[in-house]
Structure formats: C-alpha cells, structure tokens
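Visitor: Could you work out the structure for the sequence below:
(chains A and B)
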Amino acid sequence: MTSIITRRRFNFGAGAAAATLPLIGGQALAQAPLGVGFIYVGPVGDHGWTWTHDQGRKALEKEFGDKIKTSFIENVAEGPDAARAIRQLAQAGNRIIFTTSFGFMNPTIQVAKQFPKIHFEHATGYQRAENVATYNARFYEGRAVIGTIAGHMSKTGQAGYIASFPIPEVVMGINAFTLAARKVNPNFKTKVIWASTWYDPAKEADAAKALIDQGADMITQHTDSAAALQAAEQRGVFAFGQASDMKAFAPKAHLSAIVDDWSGYYIKRVKEVMDGSWKSGDVWGGIKDGFVKLAPYNDAVTPAARAAADEVQKGIVAGTLHPFSGELKDLKGEVRVKAGEKASDEMLSKMDWYVDGVQA
Amino acid sequence: MTSAILISILMTLVAASTPILLAALGELVVEKAGVLNLGVEGMMLTGAVAGFAVAYSSGSTTLGLIAALAAGVATAMIFAVLTLSLTANQVATGLALTIFGIGASSLIGAGFVGRTITRLGPVFPEALAGHPLLRAVFGHDIVVYLSLALVLAVSLFLRKTRPGLVLRAVGENDASAHAIGYPVIAIRYGAIAFGGALAGLGGAYFSLALTPMWADRLTAGRGWIALALVVFAAWRPGRLLLGAYLFGAVMTLELQAKAAGITWLAPELLAMAPYLATIAVLTMMSLGRKTGRLDAPACLGKPFSAS
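Guide: Below you'll find the model as predicted:
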C-alpha cells in the first residue's frame, strides 16, 4: 500500500556538484574522485538487507577515502520505474553502479545499454552483459549452519520460518535449513508462513507468535526486520537473526544470525574499475569468500550444537560438505538429487520444490 | 486446539487491532467535523518515532506515550494550518502529510535504528492475570484499555453532549453552524488535534508495544487501513470497534491458518482477505441504502472560509 508513495532520497554526500565535474574534460577526470552509485530497494534504516549493502558502501568510503565519491538512492520500487533512478545515477557521472535487489534486473540491463562505459553490478540476478556483472551470496550455507543448531536445540522438533515470497532464493534457504536440522533430528519439521512482504514488522511479529502457538520453539525468517526475534524473546523461545547481527533485539532468544558482508566484494570491484581490469561475470560467494558470516553464538547454544555447527561451517569452507548433497527427494517423493551427487548451482537458482519436513 | 492457544490468539488479535482502532477513532472525529485528513499514516509515524526516541532516552514508556501524543498533535497542526487557515485542498494536503511523516520520521529515527527498549507491559499485576482466562481480560497493556474507554467516550460525546452535537453540526453544515455563531474553524482545529493525538498514540503502539524498536516505515500502511475503517464503520464508534477487531481477527487468523498448515488456501489469497472484507462490507452497505451516500458528514472534505 505504501509502495505508491515511495520516498526517494537522493544523497550525494558532501559536494553534490563534484560528482558531475568529471564529465567536463579529460584533465579533471584524472584527479576527480571515482563515482560509485548504489540503488537500494528499502530504507538504509531497515537494519536488514539494505542496511548491509549500505555498510558495504561505508566500507568503500573507509577504504578509498577521497579517491571515490559514493551516492545512493534508497526506497526504489522494483520494476520499470527503477530505470529512472539508475539512469539518474548514471548521468551523475558514476563509473560503477550497484543495483542491490532482484527486481532491478531488467531496468539495470536496459540502462546499461545506454551507458556502455559505465560498469553495472546487479545483485542476485542472472542477466549479464558486457558492462553488467551479477553477484550474490550463498546464504543457504548460513542456513545450513543455523539449521544444525536448531536441530540440536529444539525440544519440540519444530521450527517456524517466516518467509517473504516463494522465489528460489527463499525456497533454497528453507530447504537448506530443514535438511541440516533433519540430519540431527530426522523428525524435524519446518513450518513456513508466507508473509507476502519483505518488510512489515508488526506482521512478522504476529507470524512468529502464530508459529510459536502451533508448537515451534525455533524461529527464523527471510524477511527484513528484527520483529520476529522480539516476539521469540517475549515468548521465551529461540530465534536466529537475518542479514545482520540482531542480538540487541533479543539477547536471550538470539542464538546466532546469518550476516551478509558485501564490503570485500565492493572493494575488490571498485579497485578493478580504478586499474581498468573490471570484467563482467557472475560471482556467487559463500562462507569461504567472506560473503556470508555467522554472528557469535549465544551462550545458550549447547556445546554439542556449537561443535556440530562449527563442523558444518568447516566442511562447507573446505568443500567437503555441500548442504544439498543427495539423495534429496521432494514432497511427492520424486528424487531430485541422486545419492552421491550434489545440487548444481543451476538447479539451486531455479529451486521450486521442498524437501521432506517442510510444511509450506 | 487447546484453550491456551485460543487465549494466545485472542491476545495477538487485540494487540493487532488496537493501533488501527486508535487511529481510526481519531480520524472519525476529524471527519465528523467535516475534515478529511488523509495524513493518518504520516501522523502515526511521527508519533511512533517520537514515542520511541523519548522512551529510549528517558527510559520511561509513559513519557514515550505522552511524546507520541504531542508529536501526533504537532504533525496534525501542520495540516490544520494549511487546510483551515490557508484553505488548501484537504486531499492533497493530507497525502502530502503522509509523505512528510514518512520522511520526517526516518530523519528523526536515523540515530535510533538498531536500538531496543523494554516493551510496554501489562497494566495489572502478574498475579491477577495468572489464569489464561483471566489473562484474556487483565493481561493487556494500558493502551488497550484506554482505546476501549475512548470508543465509549467518543460515542457518548458525539451523541449525548452539547459540544459533540455542535461538532457534528459543523461537519454536516458548516455555513449554518457559522451563522448560528459557532466557531467552525476553532472546532475543526480541535478535532484535527484530537485526531493527531490518537494517530500518534496508535503509531507509538508499534514502537513501544508491538515491536519495541524503530525502523523506517514501521507502521507499514496501517494508517490507510484506519482510513478505510472509518468508512467501513459508517462514522459510528461502536461499529468502528467491531470493524477494527474484525480486521485484527482476519490479520491474525490468516497467520494462524498458515502456521497450522492449512495449505489448500493460497497464501496470496489469505493476504488479500482483510481488503476483500472491506470491499465486501462497503458493497453491502451501499446496496442496503437508496441514497448511496453512506452517512458521510455532508461537509466532508469541503473547505470553509468565514467571510
């Protein structure tokens, strides 16, 4: 409902005019700071997805100081209208532009065609071009770690999972979490509530309460606020943070969190633009690459759960453990991944089926 | 389903309904005075951020609630000055107020993201609310009881008191009320202030009780639901109470149905349910009447100038 009144704050930082100066002549180009633009789907104050990208932007400023000039537009609605915001950043003289949500895919490709000299980076998408690269994080690896903890710590053997929309990204998270929990407790069940929104704190909290009412004693979510953790804290069950460390909201309930860290990738790519070695491509980084991190475990995490979670993390980093190792069957009993095989990235990026134990 | 779950669902339902009820009740009084303020969402957000900021800084949720009232009134006054004193278009000004509220609350709240406070607790001692059944009656926080008392108070005010009848007269026929000698503009200022106070309080219910934190656009569109509720209730406080709780029930049961594993209903369909209910009720109301004007105050949304 609020999407019709989308606020657009265009933040150039200090000296807005400076960003347009490099267009004037070659001489200015040599010394002028490199423009780096960001398009955000939510507010930087969501303390979730957009916040983590903005942390990446801040890391860039810290790393490069005066050599770059960052700017961002937040609360950009997904879809055709995003093209206007992306074009705005392109015309402002930015050399590299990060568009940080799946729904910016087509607008990014469209604008990139008009600005062949500008580098575009689209998060979580699959369409690329000469000047458009894609990048994403293997969040499912983090889901496998917290699923392991949930399997160890749950007394009722039921987790409540507050999910946004049934897109492959979310579905693979639910599956990875459930598979890991069922390795510990073969009867483990994950109950999913589709909130049909990425962000509605009161609804996320009420969804958590409904799941707790129905017997879940582990709450996790694929929505953007910390409200579900607060509900878990209030009801005395455990929960996991999403996108950033959310311990402050639920000191007792917060067992760990999947933390997104984009700063390493952003620094690397901006450096490549500076030395001219930037190339289009697709990067899907996981725990090993520092894209996905786990927040420090709560003291309540039992030694057994802690050891098991560390084991999973080590296995993933070493490449000896894949969260989607066969044999995997969907809810109809059809074999999707054969024994001894692993799900391919191609399969993961199109995942639209659930493993045993998921009630979605 | 055990009784403990039923009570728990009831508690969630009441909590989900309360902020919508408050904001809608304030707007009902505003509209009864002949003014349409579409800025409810904006006033809720400034109330929510002010409430959280003060509660966080002072450590007192009571002070937070008072600050939310004040912030709601202050935001409403912008609207009042523009539409009453400067006779600006009410619809456009109200929409602008919402956009302003979203931006202002985000600006003020920037320093409070990621902080948390102690949740607004039940008003009665734990001992009284020990039994689940007693908890359903005595287990709520002060704002819940206040909202119910306010429904009664507003209902009595509008029907039984002289100032209440004058307010309605201003909303039904401002020119006549003015001719008799009632201060139309002053009364409307008062009504808008009351609406702002309740919207602010409703907003603070999010940041202090439901989800004790500040995040941008925390109320996520509930102000629009409140606006729809006023029409839904045909400008009657009793029916407004019913409507708010019906809305709360649909929102809560939707989630409970999903958690219970009722999968034959598409989640998208369940998400639509509250809005479908609104359309259905509005349609039924229109069908039941010959005039089709749904009892709206006759001067609703029309500018008034005393000259």
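Visitor: Give the rounded mean pLDDT of stretch B:240-254.
Guide: Summarised as a single mean, pLDDT over stretch B:240-254 is 89.
Visitor: So that stretch, near chain A or not?
Guide: Yes: Stretch B:240-254 reaches chain A (CB under 8 Å from any CB of the partner chain) through B:M251, B:T252. No exception for glycine: its C-beta is placed from N, CA and C like everyone else's.
Visitor: Excluding sequence neighbours, find me the nearest residue to B:V91.
Guide: B:L38 (6.1 Å; CB to CB, 6 or more residues apart in numbering or on different chains).
Visitor: Mind jotting down where the helices sit in the chain?
Guide: Let's take chain A. A:26-31, A:49-64, A:82-91, A:105-114, A:139-153, A:168-184, A:201-213, A:227-235, A:263-275, A:303-318, A:345-348 (DSSP state H).
Visitor: hmm, I had chain B in mind actually
Guide: Under the criterion DSSP H, helices of chain B are mapped to B:3-32, B:40-58, B:61-80, B:90-109, B:132-138, B:142-160, B:162-172, B:174-180, B:184-205, B:222-232, B:237-259, B:267-287.
Visitor: Any idea what the residue in the stretch 1-150 of chain B that chain A sits nearest to is bridged to?
Guide: Sorted by distance to chain A under CB to the nearest CB, the residues of the stretch 1-150 of chain B start with B:V113, at 4.4 Å. Listed by DSSP bridges, the beta-bridge partners for B:V113 are B:W214.
Visitor: Please tell me I have it right and it contacts A:H47.
Guide: Yes: in this structure, B:V113 is within contact of A:H47 by CB atoms under 8 Å, at 5.4 Å.
Visitor: Spit out the residues that contact the two alike.
Guide: B:A215 (CB atoms under 8 Å, 6 or more residues apart in numbering or on different chains).
Visitor: who has more neighbours, those two?
Guide: Legend: neighbour count by other CB atoms under 10 Å in any protein chain shown for B:V113 and A:H47, higher for A:H47 (28 against 17).
Visitor: Tell me how far the more buried one lies from chain B.
Guide: 5 Å (CB to the nearest CB, to the nearest Å).
Visitor: Return the list of helices and strands in contact with the helix-or-strand element of chain B with minimal mean pLDDT.
Guide: In chain B, no helix or strand scores lower on mean pLDDT, DSSP states H and E than helix B:267-287, which sits at a mean of 73. The contact analysis (3 or more CB pairs under 8 Å, 6 or more residues apart in numbering or on different chains; DSSP states H and E) places helix B:267-287 against helix B:222-232, helix B:237-259.
Visitor: for that helix, the distance to its chain's centre please.
Guide: Taking CA atoms, centre = their mean, to the nearest Å, one finds the center of helix B:267-287 at 19 Å from the center of the full chain.
Visitor: Could you check the angle it makes with helix B:237-259?
Guide: If you take axes from the mean of the first three to the mean of the last three CA atoms, to 10 degrees, helix B:267-287 sits at 160 degrees to helix B:237-259.
Visitor: Run the angle between helix B:267-287 and helix B:222-232 for me.
Guide: Taking the same axes, to 10 degrees, one finds that helix B:267-287 is oriented at 30 degrees with respect to helix B:222-232.
Visitor: quick one: contacts of helix B:267-287?
Guide: Contacts of helix B:267-287 (CB under 8 Å, 6+ apart): A:194, A:196, B:225, B:228, B:231-232, B:234, B:243, B:246-247, B:250-251, B:254, B:257-258, B:292, B:294.
Visitor: Buried ones among those residues?
Guide: Neighbour counting with 16 or more other CB atoms under 10 Å in any protein chain shown marks A:194, A:196, B:225, B:228, B:231-232, B:234, B:243, B:246-247, B:250-251, B:254, B:257-258 as buried within those.
Visitor: Tell me the one among the residues you listed nearest to B:L156.
Guide: Distance to B:L156, by CB to CB, is smallest for B:A234 among those, at 18.0 Å.
Visitor: So for the spatially closest residue to A:V317 that is not a sequence neighbour, what's the pLDDT?
Guide: Of all residues not flanking A:V317 in the chain, A:K288 sits nearest, at 4.7 Å (CB to CB, 6+ apart). Looking at A:K288, its pLDDT reads 94.
Visitor: Let me know the distance separating the residue nearest to B:V91 from B:W235.
Guide: Distance, B:L38 to B:W235, using CB to CB, to the nearest Å: 16 Å.
Visitor: related to what we said a few turns ago, now the angle between helix A:201-213 and the least confident helix or strand of chain B, please.
Guide: Interaxial angle, helix B:267-287 versus helix A:201-213 (the same axes, to 10 degrees): 120 degrees.
Visitor: number of nearby residues for the closest residue to A:G56 other than its chain neighbours?
Guide: Using CB to CB, 6+ apart and skipping the chain neighbours, the partner closest in space to A:G56 is A:W262 (3.6 Å). Neighbour count for A:W262, taken as other CB under 10 Å: 23.
Visitor: same deal with B:G59?
Guide: Using other CB under 10 Å: B:G59 sits among 11 other residues.
Visitor: Return the residues in contact with it.
Guide: Applying CB under 8 Å, 6+ apart, the residues near B:G59 are B:I117.
Visitor: A:W51 too?
Guide: Neighbour list for A:W51: A:V44, A:G45, A:A243, A:S244, B:V113 [criterion: CB under 8 Å, 6+ apart].
Visitor: Could I get the pLDDT score of the third one?
Guide: Okay, so that is A:A243. 86.
Visitor: Does stretch B:77-86 reach chain A?
Guide: No: residues of stretch B:77-86 contacting chain A under CB under 8 Å from any CB: none, with a closest distance of 15.9 Å.
Visitor: want to try CSV for the contacts of A:W51, with distance to A:I149 as columns?
Guide: Output for the contacts of A:W51, formatted as CSV (distance: CB to CB, whole Å):
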residue, distance to A:I149
A:V44, 30
A:G45, 29
A:A243, 17
A:S244, 18
B:V113, 27
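Visitor: ok, so of those residues, who is nearest A:L321?
Guide: Nearest to A:L321 among the contacts of A:W51, counting by CB to CB, is A:A243 at 23.5 Å.
Visitor: need the contact list for the closest one.
Guide: A:A243 neighbours (CB under 8 Å, 6+ apart): A:G48, A:W49, A:W51, A:T52, A:D224, A:A257, A:I258, A:V259, A:D260.
Visitor: I appreciate the help and will end here.
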